[in-house]
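Peer 1: Build me a model:
(chains A and B)
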Protein chains: 2
Amino acid sequence: MKAAIIHGGFDVRVEEVPDPVLLEPTDAVVRVLMSCICGSDLWPYRSTGPRRNGPARIGHEFLGVVQEVGADVATMRPGDVVIAPFMWSDGTCPHCLAGIQTSCLHGGGWGEDRVDGGQGEAVRVPQADGTLVVAPVAPDDERLPALLTLSDVMGTGHHAALAAGVGPGSTVAVVGDGAVGLCGVLAARRLGAERIILLGRHDSRVAVARGFGATDVVPERGDDAVARVMELTEGLGVPHVLECVGMQSSWDTAVAIARPGGTVGYVGVPNGMESGLPLRTMFGNNIAVRGGVAPVRSYLPALMADVLDGTIDPSPVFDLELPLDQVPDGYAAMHERRAIKVLLRPGR
Amino acid sequence: MKAAIIHGGFDVRVEEVPDPVLLEPTDAVVRVLMSCICGSDLWPYRSTGPRRNGPARIGHEFLGVVQEVGADVATMRPGDVVIAPFMWSDGTCPHCLAGIQTSCLHGGGWGEDRVDGGQGEAVRVPQADGTLVVAPVAPDDERLPALLTLSDVMGTGHHAALAAGVGPGSTVAVVGDGAVGLCGVLAARRLGAERIILLGRHDSRVAVARGFGATDVVPERGDDAVARVMELTEGLGVPHVLECVGMQSSWDTAVAIARPGGTVGYVGVPNGMESGLPLRTMFGNNIAVRGGVAPVRSYLPALMADVLDGTIDPSPVFDLELPLDQVPDGYAAMHERRAIKVLLRPGR
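Peer 2: Predicted coordinates for the structure are as follows:
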């Protein structure tokens, strides 16, 4: 079968790899219907120098059809359509039971150690019962792209909104117009936010954000963005801020626009945070920060129900669809910001 | 009248100053019954080099008897005993109405600009209605030291516990055995915590913490302290951590012992945070941080009721009482850790 392999910076190739087989009685083998490329896949893609552990499978967002299950797998059977969260987990340890499956004592990431990546024709899924969620749809359902966003970006945007305390009537600001920021807008609207200010400047992304419920758009950056948001909020700031980037400048902006007593929900993977969080501003203004790597497995059932009944449709974050064979083009398109998010279908 | 004046590092003197008078119709003049020295007073006390703005009044925790009120003051009259929070505020701006009086649009700190410090025989209080809380007690009530803690340390410990999400049955860790950490223990118990782990090592402070409700004491520091707390929590960590110090090492410990999905309530004034918050650990483990400069004005009525009916008695944090004349000895005693917290009474 074919799968994407990362060899180094700017070097992702589609290669022939062995078909996956069951290794543990808790495994499932899933034939991939769709996978996609994540903003966080760009970090290793953009890295320079040789990879520490050599070439590796990559990709952590996928859905597919169960092909085979181990003897201990109880919640799915061959033929079921399943959605994979971006980390796998046993579902039974204390952290999983507390809803923080990303901290599972017996779980991990895709494409690490002996675990497959998701950008391929098939995947061995460890801890299938704790990891996968069965979707009651056929393999050709037109809602599959929307369901695929629950692997990561939509659940991550929801985590940011939930962490920021968004609720009915909230005023919210979303820092970042990547796929996660856009899903943060949609999640905030789903939670009842009344006013949603997007800090972003790319026309195609802003258009998606408007469709998702953004009521105001601030294209400025840095101090100008802060001044503009303050203007929009009568000088008081925003009670609920979603940090969906993870860089120093976005964090500084997120904290600066937060209203005293407000909360920054953060999901951007920290990257190049040279001077750290602006702790003195946080301290003086009583700004809470809450979030982290999103336990999307927790959110999958509720978000799936809302996708299936049409309450939300996050699929517009996919603006480029490619066959798996063209995965190198997909990475290049996201790196060059020609695409918000790339959907991959196995095939020629 | 006499008041404490800070002239520079390790140089606090008691000097003759003009009696305070009403300057605004919203002012009150308060004769001080008791004031005290705060851990945060030690930062300017320990600083070296000349003071930027010259000698200044100091002290931000006091209670006293109203002597005179301006024409617009409605909630108190001469003779009333009043408690002052460690910042003054108008009580009517949007931030005050939201309970974040420390961010009052028209408020400020004591001993700044033309505002008196609290370590003196009398104080002009701006925005008296928004700032002061009348205590229904006589000027010789024996509960005055307990009420004085509501000016800062008890309200600050309560802020940490509340921010950390402490509730009935909680397991809590308190990092720091200063007066605020000790009050954090008492606040956690008041909120119903079942298990309270104090990270501290000074015998006299640990004894107070035990009296306040600490169930476990971890005297180790750094990695050893983290290992010990993990041992005490079956390797899972603590859901509610109170950071009551504000230094790099205490923050690193607080985040390291937090359970995935847990919250660090923070009230330690950030000081010497060379490498910032451990954001990658926070991100990976979904650790929230919430807190800041405590809006003790919000908490004063409820905490006062609990002091008056005997539910809590934070007064054991005062282990040295001195007349105002000996304020230099009080600073030295706290600097040298001979005293947890020094109570000052005007007089010889």
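
Peer 1: next one: phi and psi at the residue in the stretch 101-250 of chain A that chain B sits nearest to?
Peer 2: Residue nearest to chain B within the stretch 101-250 of chain A (CB to the nearest CB): A:S103, separated by 3.6 Å. The way it works is simple: take the backbone N, C-alpha and C, and place the C-beta from them, glycine included. Main-chain torsions, A:S103, degrees, to the nearest 10: phi -110, psi 20.

Peer 1: which non-adjacent residue is nearest A:V81?
Peer 2: Nearest residue to A:V81, sequence neighbours excluded (CB to CB, 6 or more residues apart in numbering or on different chains): A:A135, at 4.8 Å.

Peer 1: Ok, A:L320 next?
Peer 2: A:A339 (3.9 Å).

Peer 1: which residues touch the closest residue to chain B within the stretch 151-300 of chain A?
Peer 2: Closest residue of the stretch 151-300 of chain A to chain B, CB to the nearest CB: A:G276 (2.2 Å). When contacts are counted by CB atoms under 8 Å, 6 or more residues apart in numbering or on different chains, A:G276 touches B:273, B:275-277, B:279.

Peer 1: thinking again about what came up before, which of the three states applies to the residue nearest to A:L320?
Peer 2: coil (DSSP: H, G, I helix; E, B strand; the rest coil).

Peer 1: That one - how many residues pack around it?
Peer 2: 23 (other CB atoms under 10 Å in any protein chain shown).

Peer 1: gap between A:L236 and B:G292?
Peer 2: 17 Å (CB to CB, to the nearest Å).

Peer 1: For chain A, what lies in contact range of chain B?
Peer 2: A:94-95, A:98-100, A:102-103, A:163, A:236, A:260-261, A:263, A:266, A:269-270, A:273, A:275-277, A:279-280, A:282-293, A:295 (CB under 8 Å from any CB of the partner chain).

Peer 1: Show the model's pLDDT score for the nearest residue to A:T149 once chain neighbours are set aside.
Peer 2: Sequence neighbours aside, A:P314 is the residue nearest to A:T149 in space, at 4.1 Å (criterion: CB to CB, 6+ apart). Listed pLDDT for A:P314 reads 98.

Peer 1: Torsion angles phi and psi at A:P314?
Peer 2: phi -80, psi 0.

Peer 1: Flag the helix or strand of chain A with the lowest per-element mean pLDDT.
Peer 2: Between all helices and strands in chain A, the lowest mean by mean pLDDT, DSSP states H and E belongs to helix A:42-46, at a mean of 92.

Peer 1: in that one, what's buried?
Peer 2: Judged by neighbour count (16 or more other CB atoms under 10 Å in any protein chain shown), helix A:42-46 contains these buried residues: A:Y45.

Peer 1: How far away from the center of its chain is that helix?
Peer 2: Chain-centre distance of helix A:42-46: 16 Å, with CA atoms, centre = their mean, to the nearest Å.

Peer 1: who touches that helix?
Peer 2: A:6, A:9-10, A:12, A:51, A:58, A:269, A:271, A:331, A:334-335.

Peer 1: next helix or strand past that helix?
Peer 2: Per DSSP states H and E, the first helix or strand lying C-terminal to helix A:42-46 is strand A:56-57.

Peer 1: Check which helices and strands the helix or strand following that following strand sits against.
Peer 2: Going down the chain from strand A:56-57, the next helix or strand is strand A:62-69, by DSSP H and E. With contacts taken as 3 or more CB pairs under 8 Å, 6 or more residues apart in numbering or on different chains; DSSP states H and E, strand A:62-69 sits against strand A:28-36, strand A:81-84, strand A:122-125, helix A:144-148.

Peer 1: One more pass at 6 Å, please.
Peer 2: strand A:28-36, strand A:81-84 (3 or more CB pairs under 6 Å, 6 or more residues apart in numbering or on different chains; DSSP states H and E).
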